[in-house]
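Engineer: need a structure here:
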Amino acid sequence: MHVLLTGAGGVVGRFVAPALTAAGHRVTRLGRAGDILWTLDDPAPSLPAADALVHLAFDHLPGRYRGGEGDDPERFRRLNLDGTLRLFDAVGQARIVFLSSRAVYGDHRRGEFLKEADVPRPDSLYGEVKLAAEQALGARGASLRATGVYGGEPGKWDDLVASYLRGETVAPRVATEIHGDDVASAVVRLLAAPETGAFNASDLVLDRHDLLGRVQALTGCPHPPPPPAEGTAPGVMATCRLRLTGWRPGGWPRLDQYLGDRFRSP
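Structural biologist: Numbering: from 1, shown residues only. Down below sits the predicted model:
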């Protein structure tokens, strides 16, 4: 399959690009340093014939998705929604796999089970833009509603772990997480699946108490991890629909493997 790929160098793209190649697909990258020069601010691109588009690119402030618009929400919407819709139109009849987000559900549904059939109620511009792109995509492909992604280098927890190891106070927090390899596996499966619409992608509900407790065991750090977070945990996305494609996430063993590779003391 010939696959057009945006965002190949991003947090998710660094996992997806090699996974597509390993699955035997021919990949053409769109981006500032891609095979085809393109940005979300460009007019509709002239693209080669392709079987599919995997659209991961998203413009935001570094390290921020919710609130990633900073003080320029108009630009954020123009690039990430208008630019995405131009790209969708440019690929013709190709199947599309679009990287969406759990943010379409909003953060208000704590303690609930979040299902694709639920009515989305985003409470951030990030979630609104992702949902609008999902709706524009319609039956032309699949929208992958991913939660927070960990893995790779640099890692999302590097600064957090460094603060903990220095003995600094770390605020309690709990969040849902998934390894980038599991997101990449989902993308590969959705390219081959006939189904369309939204698919939830999530794995672990991870408290910093447990995360840093694992780091403590690996490093022998004398500092205690922060206490468990209080209050109701975030809503958990049901992944039954994605699992019907044969997809399975790595769970706690994958987390432990990643932490051991990254933080175990020599």
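
Engineer: all contacts plus neighbour counts: C-alpha atoms, from now on.
Structural biologist: Will do.

Engineer: The closest residue to Ala171 other than its chain neighbours: neighbouring residues, count only.
Structural biologist: Take Ala171 and drop its neighbours on the chain: the residue closest to it by C-alpha to C-alpha, 6 or more residues apart in numbering is Pro226, 6.8 Å away. Neighbours of Pro226 under the rule other C-alpha atoms under 10 Å: 19.

Engineer: if I look at Pro226, how far off is Tyr258?
Structural biologist: In this view, Pro226 and Tyr258 are 21 Å apart by C-alpha to C-alpha, to the nearest Å.

Engineer: How about the residue of the chain positioned farthest from its centre: what's its closest non-neighbour residue?
Structural biologist: In the chain, the greatest distance from the average C-alpha position (C-alpha atoms, centre = their mean) is reached by Pro222, at 33.4 Å. Nearest residue to Pro222, sequence neighbours excluded (C-alpha to C-alpha, 6+ apart): Gln216, at 7.5 Å.

Engineer: In a strand, that neighbour, correct?
Structural biologist: No. Read with DSSP: H, G, I helix; E, B strand; the rest coil, Gln216 is helix and lies in no strand.

Engineer: now the strands: where do they sit in the stretch 101-250 of the chain?
Structural biologist: 113-114, 141-146, 148-150, 174-179, 197-201, 204-207, 236-237 (DSSP state E, counting those that start in this stretch).

Engineer: Throw these into JSON lines and include mean neighbour count, thanks.
Structural biologist: Formatted as JSON lines, these follow (neighbours: other C-alpha atoms under 10 Å):
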{"stretch": "strand 113-114", "mean neighbour count": "16"}
{"stretch": "strand 141-146", "mean neighbour count": "25"}
{"stretch": "strand 148-150", "mean neighbour count": "19"}
{"stretch": "strand 174-179", "mean neighbour count": "20"}
{"stretch": "strand 197-201", "mean neighbour count": "24"}
{"stretch": "strand 204-207", "mean neighbour count": "17"}
{"stretch": "strand 236-237", "mean neighbour count": "22"}
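
Engineer: Any idea how far stretch 254-265 is from the middle of the chain?
Structural biologist: In terms of C-alpha atoms, centre = their mean, to the nearest Å, the centre of stretch 254-265 is found 20 Å from the chain centre.

Engineer: cool, and stretch 206-221?
Structural biologist: From the chain centre to the centre of stretch 206-221 is a distance of 23 Å (C-alpha atoms, centre = their mean).

Engineer: Residues touching it, excluding its own?
Structural biologist: 161, 164-165, 172-177, 222-229, 256, 259-260, 263-265 (C-alpha atoms under 8 Å, 6 or more residues apart in numbering).

Engineer: Can you tell me the element the nearest residue to Ala44 once chain neighbours are set aside falls in?
Structural biologist: Excluding the flanking residues, the one nearest Ala44 by C-alpha to C-alpha, 6+ apart is Arg86, at 5.2 Å. If you go by DSSP states H and E, Arg86 is part of helix 83-90.

Engineer: Which strands and helices lie in contact with that helix?
Structural biologist: If you count contacts as 3 or more C-alpha pairs under 8 Å, 6 or more residues apart in numbering; DSSP states H and E, helix 83-90 packs onto helix 125-137.

Engineer: List the contacts of the helix it packs on.
Structural biologist: 65-69, 73, 77, 80-81, 84-85, 88, 98, 100-106, 120, 122, 143, 197-198.

Engineer: buried set for that helix?
Structural biologist: Leu125, Tyr126, Gly127, Glu128, Val129, Lys130, Leu131, Ala133, Glu134, Leu137 (16 or more other C-alpha atoms under 10 Å).
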